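K.L.:
Here is my input, please return the structure:
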Amino acid sequence: MSIAKQTGVALVQVLLISALLLLLVVRLSQDAQSSVEIATKLKNKVNFIVNSETGFAEIQYAALTQEKGFTLRLQEGQKVNFHSDPVKYTQSMMVEIQDLAGHLSTTFFGNQWLDFVQGDNEKLDSLKEWQGLEGYGVSAKKNRNARIPYKKELFLLGGWENKALDLVTHYPTGFFNVATAPNQLLQLILPVESVEKIEELRRTNTMSRQNMMRIPNIDSESVFPPSKYIQVTLKNVSNNELETHLQRIRTFNIQTGERIPVLEIGNGT
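P.N.:
Just a heads-up that it's a prediction; the model follows:
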């Protein structure tokens with residue numbers, strides 16, 4: 001073999017080895033970058049979990065120590081409503097609080113339920129009978145004969161697949177609170193004019209029993225302060241593209257004056 005041919009073969013070998021080394025370096029770089037991203041996400045998640053525990057504790061304390069009203073005041077001066085409107089809690093966290101009496105309870109069947117199911121009495125009757133309920137009382141020996149433990153159990157009855165079950169609660173709130181109902185539910189159960197007036201009271205921070213009673217289609221027996229059941233949602237906010245969406249949800253039973261003042265109920269995150 002001539003020297004020229006040997007030189008050519010050697011050059012090809014060097015180029016192949018260089019290409020392989022380059023591929024190896026690129027792969028190692030990608031692996032390192034992925035490791036950094038995973039570590040960053042884990043760090044952000046841990047920070048969020050730690051900070052959210054502080055948030056849950058502060059909200060519990062505020063709910064126990066403040067007179068029941070239409071908002072809850074936090075330490076930094078924020079006012080959080082009870083109908084799920086998001087409020088900035090810290091630079092990296094949003095908070096939402098929902099009074100569960102502002103949702104439709106599967107054990108309390110007021111007129112709002114009929115509007116929610118668009119007048120389908122058969123659907124409501126099936127839900128009552130499944131739990132052994134007749135009106136507001138309990139009747140033995142009927143189907144399940146117990147309060148449903150999860151909202152998704154409604155799917156077993158059929159016909160609920162297209163309903164917004166995030167507006168329903170399985171907790172026994174004992175009443176429906178139109179003042180703390182989220183806007184999405186208000187639009188399903190009240191005329192547009194009434195919804196707009198409620199939104200105006202919220203927007204202008206003039207929510208009160210007196211002002212609510214001036215609104216058409218509001219039941220005169222409505223109970224407006226929030227119930228003892230509240231659902232708290234904390235979400236992270238960040239412009240960092242490496243940070244994934246994080247949220248934690250807890251449900252509390254606020255029992256001011258009881259031996260156990262706050263009960264955490266349900267499956268929290």
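K.L.:
What ranges in the stretch 151-269 of the chain fall below the confidence cut-off?
P.N.:
The model of the stretch 151-269 of the chain has pLDDT under 70 over residues 239-244, 267-268.
K.L.:
In it, mark out all the helices, start to finish.
P.N.:
183-189, 192-203, 209-212 (DSSP state H, counting those that start in this stretch).
K.L.:
Buried ones in the second one, by neighbour count?
P.N.:
So the one you mean is helix 192-203. 194-195, 197-198, 201-202 (16 or more other CB atoms under 10 Å). C-betas here are computed from N, CA, C, even on glycine.
K.L.:
With the last one instead?
P.N.:
For helix 209-212, the buried set under the neighbour-count rule, 16+ other CB under 10 Å, comprises Met212.
K.L.:
Would you mind confirming that Ser238 is in contact with Gln91?
P.N.:
No: look at Ser238 against Gln91 with CB atoms under 8 Å: they stay out of range, at 9.2 Å.
K.L.:
Pick out whichever of the two has more residues nearby.
P.N.:
Set side by side, Ser238 and Gln91 show more neighbours around Ser238, with 15 against 7, by other CB atoms under 10 Å.
K.L.:
so what's the nearest residue to the more buried one once chain neighbours are set aside scoring on pLDDT?
P.N.:
Nearest non-adjacent residue to Ser238, counting by CB to CB, 6 or more residues apart in numbering: Ser92, 5.9 Å away. Note for Ser92: predicted pLDDT of 86.
K.L.:
same check, this time on Ser105
P.N.:
Here, the pLDDT recorded for Ser105 equals 93.
K.L.:
what do you get for Glu122?
P.N.:
At Glu122, the model reports a pLDDT of 85.
K.L.:
Assign a three-state SS to it, would you?
P.N.:
helix (DSSP: H, G, I helix; E, B strand; the rest coil).
K.L.:
And it, how close does it get to Val223?
P.N.:
29 Å (CB to CB, to the nearest Å).
K.L.:
Now the residue sitting nearest the centre point of the chain. Nearest residue, chain neighbours left out?
P.N.:
Centrality entry for the chain: nearest residue to the mean C-alpha point is Thr233, 5.2 Å, by CA atoms, centre = their mean. Sequence neighbours aside, Glu96 is the residue nearest to Thr233 in space, at 4.3 Å (criterion: CB to CB, 6+ apart).
K.L.:
ditto for Thr251
P.N.:
Nearest to Thr251 is Gly266, by CB to CB, 6+ apart, at 4.5 Å.
K.L.:
Alright, calling it a day.
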